[in-house]
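>>> Sequence plus predicted model, see below.
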Amino acid sequence: MPASITLQNVHLDLPIFDVSALSLKKRVMRVGRRNRIAEDNTGVVVVRAIDDLTLHLKSGDRLGLIGHNGAGKSTLLRVMAGIYPPTAGTIAVHGSAVPLLDISLGMDDQSTGRQNIRLRGLLLGMNDAEIKRKTEEIAAFTELGDYLDLPMRTYSSGMRVRLAFAISTAVEADILLLDEVLGVGDAAFQEKANKRLQDLHARAEIVVLAIHSSDTIRKTCNKVLWMDRGKVRMFGAVDDVVTAYDLHMNPALSDAPVRRRPANQIFARRKHALRAVK
């Protein structure tokens, strides 16, 4: 069966247990989100993270999620991945979904790089045979050499990210869920990493990508979902949605003055053109 994702009238309420209802309400009201906070029947404060979202993706779709910080993009990815079950509504996912939301999740500082390949690989759903088959390819891609036999606590932050990126992008997935583009290493390694990411996109049937870069959205996606406070603000073709979003975020783009030449300069140019013709 081809891969697909279907969300029908999905709501997600996240309980907040460690603050008082009054203090949280005051903070939320200050940022204009009073309609997203409430109390359940036990008095626990809940925040509406996803609000009545309906969406269908089929094989071949590349969906870009856009919106300001806190709009619900990462939360939606977690709902699609099954990390957060919806409070109301239904979600149906056909195909193996791999969320690359925290590429370092499950890695252990006390273990070697090679041991972490296995740890992270198991967490991503690989079996032992698949991990063994891919270990040398992952090792070569990291360019870490003998460091792979040392504990990860000896790594620099850049080396850690390289290893995590190489393992995470070795997966085989029908559905790929990505939160932001991964920046790793120097310029030369970034170019290699971007190519690896493109190959991963090509292998997946469906890709859902949350990112702030309009250029990347235009190059990568065929659909865009603009989220605002957990709701669908706009959904459709890339150019339509991204253009509307960019104008919303930068109103000056629509108000840019059109430079016009004074009339006497236009007439002078016309006279000069006529003389040239004669």
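Perfect, thanks for sending it.
>>> Spell out, range by range, the strands that occur in the stretch 51-200 of the chain.
Counting by DSSP state E, counting those that start in this stretch, the stretch 51-200 of the chain has strands at residues 62-66, 88-94, 97-100, 175-179.
>>> The longest one: partners in the sheet, and parallel or antiparallel?
Which is strand 88-94. strand 4-16 (antiparallel) (DSSP bridges).
>>> now swap in the first one and tell me
Under the criterion DSSP bridges, strand 62-66 sits next to strand 206-210 (parallel), strand 223-228 (parallel) in its sheet.
>>> Quick one: closest of those to residue 236.
Ranking the strands paired with strand 62-66 by proximity to residue 236 (Cβ to Cβ) places strand 223-228 first, at 7.0 Å. Bear in mind the C-beta positions are built from the backbone N, C-alpha and C, glycine included.
>>> Report the mean confidence score over the closest one.
Across strand 223-228, pLDDT averages out at 96.
>>> still on that earlier bit, deepest in the core, which of the strands paired with strand 62-66 is it.
Among the strands paired with strand 62-66, strand 206-210 has the highest mean neighbour count (mean count of other Cβ atoms under 10 Å), at a mean of 25.
>>> next one: that strand to chain centre, how far?
7 Å (Cα atoms, centre = their mean, to the nearest Å).
>>> got the CA coordinates for that strand in CSV?
This file holds the C-alpha atoms of strand 206-210, laid out as CSV (Å, rounded to 0.1, in the frame of the first residue of the first chain):
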residue,chain,number,x,y,z
ILE,A,206,6.4,11.4,1.8
VAL,A,207,8.6,14.2,3.3
VAL,A,208,7.3,16.7,5.9
LEU,A,209,9.7,19.4,6.7
ALA,A,210,9.4,22.2,9.2
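>>> and the angle from that strand to strand 175-179?
10 degrees (axes from the mean of the first three to the mean of the last three Cα atoms, to 10 degrees).
>>> re earlier: now the strands paired with strand 62-66 in CSV, please, with extra columns for distance to residue 244.
Formatted as CSV, those follow (distance: least, Cβ to Cβ, whole Å):
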stretch, distance to residue 244
strand 206-210, 18
strand 223-228, 7
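>>> out of these, nearest to residue 179?
strand 206-210 (5.0 Å).
>>> what comes into contact with the closest one?
3-5, 57-66, 73-74, 76-77, 80, 95, 174-181, 201, 216-217, 220-221 (Cβ atoms under 8 Å, 6 or more residues apart in numbering).
>>> go with 6 Å
3, 57, 61-65, 73, 77, 175-179, 201 (Cβ atoms under 6 Å, 6 or more residues apart in numbering).
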